[in-house]
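Chemist: Give me a 3D structure for the following:
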Amino acid sequence: MVDPRSVIVSPPSPTGGRRVRVDGEILGLAFDVEDVAEFLRRAGLEIAPEEVATSSLIDWRGVGPEHWGPETAD
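Modeler: Numbers count the residues shown, from 1 in each chain. Model prediction:
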(Lines give C-alpha, C1' and ligand atoms only; values in the text may rest on other atoms or scores of the structure.)
Protein backbone atom coordinates (compact mmCIF):
# COMPACT_ATOMS: atom_id res chain seq x y z
CA MET A 1 0.00 0.00 0.00
CA VAL A 2 1.35 3.44 -0.94
CA ASP A 3 1.16 6.11 1.74
CA PRO A 4 0.29 9.59 0.42
CA ARG A 5 2.19 11.40 3.18
CA SER A 6 5.08 13.67 2.33
CA VAL A 7 8.45 12.59 3.77
CA ILE A 8 11.34 15.06 3.45
CA VAL A 9 14.92 14.55 4.60
CA SER A 10 16.69 17.93 4.63
CA PRO A 11 20.31 18.48 3.60
CA PRO A 12 22.95 17.89 6.29
CA SER A 13 23.05 20.62 8.93
CA PRO A 14 26.29 22.55 9.57
CA THR A 15 26.82 20.46 12.73
CA GLY A 16 25.83 17.11 11.16
CA GLY A 17 22.61 15.16 10.90
CA ARG A 18 19.55 15.71 8.73
CA ARG A 19 16.09 16.90 9.75
CA VAL A 20 13.28 14.46 8.96
CA ARG A 21 9.73 15.73 8.35
CA VAL A 22 6.45 14.00 7.61
CA ASP A 23 3.66 16.24 6.34
CA GLY A 24 5.58 19.28 7.60
CA GLU A 25 6.00 17.94 11.15
CA ILE A 26 9.62 17.61 12.30
CA LEU A 27 10.22 14.09 13.59
CA GLY A 28 13.84 14.56 14.58
CA LEU A 29 17.44 14.85 13.51
CA ALA A 30 18.75 11.69 11.82
CA PHE A 31 22.39 10.71 11.60
CA ASP A 32 21.91 7.64 9.38
CA VAL A 33 19.24 5.68 7.50
CA GLU A 34 18.46 3.63 10.61
CA ASP A 35 17.42 6.85 12.38
CA VAL A 36 15.18 7.76 9.43
CA ALA A 37 13.57 4.30 9.51
CA GLU A 38 12.91 4.62 13.26
CA PHE A 39 11.35 8.09 12.93
CA LEU A 40 9.11 6.82 10.14
CA ARG A 41 8.14 3.74 12.16
CA ARG A 42 7.08 6.00 15.02
CA ALA A 43 5.00 8.00 12.53
CA GLY A 44 3.25 4.81 11.38
CA LEU A 45 5.27 4.25 8.21
CA GLU A 46 7.01 0.89 8.20
CA ILE A 47 10.07 1.11 5.95
CA ALA A 48 12.96 -1.24 6.65
CA PRO A 49 16.34 0.47 7.11
CA GLU A 50 17.69 -1.29 4.02
CA GLU A 51 14.84 0.20 1.95
CA VAL A 52 15.07 3.79 3.21
CA ALA A 53 17.76 4.87 0.73
CA THR A 54 15.72 3.74 -2.29
CA SER A 55 12.17 4.43 -1.14
CA SER A 56 10.16 6.58 -3.54
CA LEU A 57 8.25 7.87 -0.50
CA ILE A 58 11.27 9.90 0.68
CA ASP A 59 12.37 13.19 -0.85
CA TRP A 60 16.11 13.52 -0.16
CA ARG A 61 16.90 17.23 -0.32
CA GLY A 62 20.30 18.55 -1.36
CA VAL A 63 22.19 15.25 -1.34
CA GLY A 64 21.33 11.57 -1.23
CA PRO A 65 21.09 9.16 1.67
CA GLU A 66 24.82 8.49 1.76
CA HIS A 67 25.58 11.98 3.17
CA TRP A 68 25.07 12.83 6.86
CA GLY A 69 27.85 15.06 8.13
CA PRO A 70 28.58 18.74 7.61
CA GLU A 71 31.65 17.93 5.50
CA THR A 72 29.34 16.42 2.83
CA ALA A 73 26.94 19.38 2.62
CA ASP A 74 29.02 21.25 0.00
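Chemist: any weak-confidence spans in the chain?
Modeler: Residue ranges of the chain with pLDDT under 70: 1-4, 71-74.
Chemist: which residue ends up closest to the midpoint of it in space?
Modeler: When Cα atoms, centre = their mean is applied to the chain, the residue found nearest the centroid is Val9 (3.9 Å).
Chemist: tell me, which helix in this protein spans the most residues?
Modeler: What stands out as the longest helix in the chain, according to DSSP state H, is helix 33-42.
Chemist: From the contact counts, what lies against the following helix or strand past that one?
Modeler: Next along the chain after helix 33-42, taking DSSP states H and E as the criterion, comes helix 49-52. Other elements packing on helix 49-52 under the criterion 3 or more Cβ pairs under 8 Å, 6 or more residues apart in numbering; DSSP states H and E are helix 33-42. Using the backbone N, CA and C atoms, a C-beta is placed for each residue, glycine as well.
Chemist: just to revisit the earlier point, tell me the buried residues in the longest helix of the chain?
Modeler: Going by neighbour count (16 or more other Cβ atoms under 10 Å), the buried part of helix 33-42 is 33, 35-40.
Chemist: returning to that earlier point: quick one: the residue nearest to the centre of the chain and Glu34, what's the gap?
Modeler: 13 Å (Cβ to Cβ, to the nearest Å).
Chemist: before we move on, the earlier item: dump the buried residues of helix 33-42 to TSV, plus distance to Gly16.
Modeler: Output for the buried residues of helix 33-42, formatted as TSV (distance: Cβ to Cβ, whole Å):
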residue	distance to Gly16
Val33	15
Asp35	12
Val36	14
Ala37	18
Glu38	17
Phe39	16
Leu40	20
